[in-house]
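Enquirer: sequence unknown, structure follows:
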């Protein structure tokens, strides 16, 4: 019997699923992390889908974003985010279209995506952001990257 609860498309109680989503989004705050304050032009990239297996955080953060190349070139740092925690801080030195000639070590991807080359940000920048929580996304926001600090 249905008790008036909203059901999702699979007939499951949507309340239990929204509770799980809220738990995932709140995890960073549950462990007492402070939210990052952006003093630099940064691009936050969500790596929870791409950081699998043996792939490094750097490789997961740098490859194949559906972002504007001109705007990305203006950022100082790229911050890799997993479960709202900043887990990597990188300084891009070059942004390029994500194509096999530019990045032969990566699989071919959808046209219009970009990638960067670079390395870890300096220690003082790592300290500023690494381990902090990223701002909460607005409800319904599905973008895998966000700009902060004027980036």
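Expert: Arrived safely, thanks for sending. All values derive from a computational prediction rather than experimental measurement.
Enquirer: what's the longest strand in the chain?
Expert: In the chain, with assignment by DSSP state E, the single longest strand is strand 85-97.
Enquirer: Please state the mean pLDDT value computed over stretch 138-151.
Expert: Averaging pLDDT along stretch 138-151 gives 81.
Enquirer: From the rest of the structure, what touches that stretch?
Expert: Residues outside stretch 138-151 that contact it (CB atoms under 8 Å, 6 or more residues apart in numbering): 38-46, 49, 65-67, 71, 74-76, 135, 137. Every residue, glycine included, has its C-beta placed from N, CA and C.
Enquirer: buried stuff in it?
Expert: 144, 145, 146, 147, 148, 151 (16 or more other CB atoms under 10 Å).
Enquirer: From these, pick the one nearest residue 84.
Expert: Nearest to residue 84 among the buried residues of stretch 138-151 is residue 146, at 11.9 Å by CB to CB.
Enquirer: Bridged to residue 146, which residues?
Expert: Under DSSP bridges, the beta-bridge partners of residue 146 are residue 44.
Enquirer: Need the buried residues of stretch 138-151 in JSON lines (columns: distance to residue 106).
Expert: Shown next, in JSON lines, are the buried residues of stretch 138-151 (distance: CB to CB, whole Å):
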{"residue": "144", "distance to residue 106": "16"}
{"residue": "145", "distance to residue 106": "17"}
{"residue": "146", "distance to residue 106": "23"}
{"residue": "147", "distance to residue 106": "23"}
{"residue": "148", "distance to residue 106": "26"}
{"residue": "151", "distance to residue 106": "24"}
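Enquirer: still on that earlier bit, narrow the contacts of stretch 138-151 to just the buried residues.
Expert: 38, 40, 42, 43, 44, 45, 46, 65, 67, 75, 76.
Enquirer: Output those residues in TSV; the columns should cover secondary structure.
Expert: Formatted as TSV, these follow (DSSP: H, G, I helix; E, B strand; the rest coil):
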residue	secondary structure
38	coil
40	coil
42	strand
43	strand
44	strand
45	strand
46	strand
65	strand
67	coil
75	coil
76	coil
